[in-house]
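1. Requesting a structural model of the entry that follows:
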Amino acid sequence: MNNTINTPKSSVIKSLTYDENRKDLVVSFNSGKLYVYTPVSQQFFNKLQNSESKGKFFNKNIRDNEALTCLKLIK
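-> This next block holds a predicted model:
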């Protein structure tokens, strides 16, 4: 099952999609770039989902997280 969060208030992130079966988090940026981060736990995604600022949470907990593999999707 996929969960998608649209982030119209974010100046950087357009949307976030989480695939709980694959433990993948797809981050779509306003620039048009797409990145997949894996493995992301449901608990971690829930914290992101409930965060006041998705961009701040992303920068602090995801962007440079060495425990996650990051794949850039060319669009």
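
2. Just the helices from this structure, written as ranges.
-> Using DSSP state H, the helices of the chain run over 42-50, 54-61.

3. Out of those, which is the most enclosed?
-> Comparing the helices of the chain on average neighbours per residue, with mean count of other C-beta atoms under 10 Å, the densest one is helix 54-61 at a mean of 16. (C-beta placed from N, C-alpha, C; glycine too.)

4. which strands and helices sit next to it?
-> strand 13-19, helix 42-50 (3 or more C-beta pairs under 8 Å, 6 or more residues apart in numbering; DSSP states H and E).

5. I'd like the helices of the chain as JSON lines, with mean pLDDT and distance to Asp19 appended.
-> Output for the helices of the chain, formatted as JSON lines (pLDDT from 0 to 100; distance: least, C-beta to C-beta, whole Å):
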{"stretch": "helix 42-50", "mean pLDDT": "92", "distance to Asp19": "10"}
{"stretch": "helix 54-61", "mean pLDDT": "92", "distance to Asp19": "17"}
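
6. right, so of these, which gets closest to Lys9?
-> Closest to Lys9 of the helices of the chain, according to C-beta to C-beta: helix 54-61, at 8.5 Å.

7. hmm, back to that, how about a markdown table for the helices of the chain, with distance to Phe29 added?
-> A markdown table is the format used below for those (distance: least, C-beta to C-beta, whole Å):
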| stretch | distance to Phe29 |
| --- | --- |
| helix 42-50 | 15 |
| helix 54-61 | 10 |
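
8. Looking at these, spot the one closest to Val12.
-> helix 54-61 (4.9 Å).

9. Which residues does the closest one contact?
-> Contact partners of helix 54-61, identified using C-beta atoms under 8 Å, 6 or more residues apart in numbering, comprise 5, 7, 10-13, 16, 27, 44, 47-48, 51.

10. start to end distance for stretch 3-13?
-> Using C-alpha to C-alpha, to the nearest Å, one end of stretch 3-13 lies 16 Å from the other.

11. residues making contact with it?
-> So stretch 3-13 is in contact with 14-18, 20, 27-30, 45, 48-49, 53-55, 58, going by C-beta under 8 Å, 6+ apart.

12. 7 Å - rerun?
-> With contact meaning C-beta atoms under 7 Å, 6 or more residues apart in numbering, stretch 3-13 is reached by 14-18, 27, 29-30, 49, 54-55, 58.
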